[in-house]
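Peer 1: sequence first, then the predicted structure, then my questions.
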Amino acid sequence: MRLEALRKSYNVGRPNEAEVLHGIDLSIGRNDFAALIGPSGSGKSTLLNLIGLLDRPTDGELYLLGQATRAMDDAGRTALRGNSIGFVFQFHHLIQAFSAIENILMPLMLAQGKPDKSAMQRARDLLASVGLEKYADTKPNQLSGGQQQRVAIARALITEPALLLADEPTGNLDTRTASEVFELFRRFHRERGCAVLLVTHDPRLSSTCDRTIDLVDGRIVSDVMQDKTENGE
């Protein structure tokens, strides 16, 4: 993913027009495991929505897998987003009426209809990989907060995305569970080769990422690669 001079304004053309992002230049490579940090109101959520193709920039360009996206129609953006990006949020947004495995399959069902045998097996493999193989038919309200977030991570990976976006994914979890969930991101990044961009307020988590991008007042003020030897790697 590559951003070139990306800008985002709200209330364009009105007296209260406000620019939130001021010419962002940023690249995320396949091997990146990065944290996006910054104070409240710095534009992190706005930037994440643009990267995730959930919103359009006012100016500039965003390339995903080499494709320019700003001028794409909604159908093209939806297809590219569905095939290439996985999302994990602070709140898991699982559908309570569906079982764990049905929630994991939801992105494929929305895109393809009824899942075939290979999709079912992929979902079961993902459940096993997050340690929940025994809970395939369990409803979300019967799972702990950490277990529900694990299901959400599996759901984000069912389409085998090139980029995994996580917005405060451990914000509602206790310290131990947060560490376990963070390690899942690490393992999937290593084993599945997807880039990871985490938005977090937790300096402990951001310090263990390979790269830290600091956004302040709609501008990137630092972009630092961590010394992996400090993390024991």
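Peer 2: Nice, thanks for sending it over.

Peer 1: any idea of the mean pLDDT for stretch 223-233?
Peer 2: Per-residue pLDDT values over stretch 223-233 give a mean of 63.

Peer 1: from A100, how far off is the most centrally placed residue in the chain?
Peer 2: Centrality entry for the chain: nearest residue to the mean C-alpha point is L165, 1.2 Å, by Cα atoms, centre = their mean. Counting by Cβ to Cβ, to the nearest Å, the gap between L165 and A100 amounts to 22 Å. Any C-beta I mention is one placed from the backbone N, CA and C, and that applies to glycine too.

Peer 1: please enumerate the strands of this protein.
Peer 2: Secondary structure of the chain by DSSP state E: the strands cover 2-10, 18-27, 33-37, 59-64, 67-68, 85-89, 163-167, 195-199, 211-216, 219-225.

Peer 1: would JSON lines of those strands with distance to A156 be doable?
Peer 2: Formatted as JSON lines, the entries for those read as follows, by distance: least, Cβ to Cβ, whole Å:
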{"stretch": "strand 2-10", "distance to A156": "21"}
{"stretch": "strand 18-27", "distance to A156": "21"}
{"stretch": "strand 33-37", "distance to A156": "15"}
{"stretch": "strand 59-64", "distance to A156": "16"}
{"stretch": "strand 67-68", "distance to A156": "21"}
{"stretch": "strand 85-89", "distance to A156": "3"}
{"stretch": "strand 163-167", "distance to A156": "6"}
{"stretch": "strand 195-199", "distance to A156": "10"}
{"stretch": "strand 211-216", "distance to A156": "20"}
{"stretch": "strand 219-225", "distance to A156": "24"}
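
Peer 1: out of these, the one nearest K139 is which?
Peer 2: K139 lies closest, by Cβ to Cβ, to one member of those: strand 85-89, at 19.4 Å.
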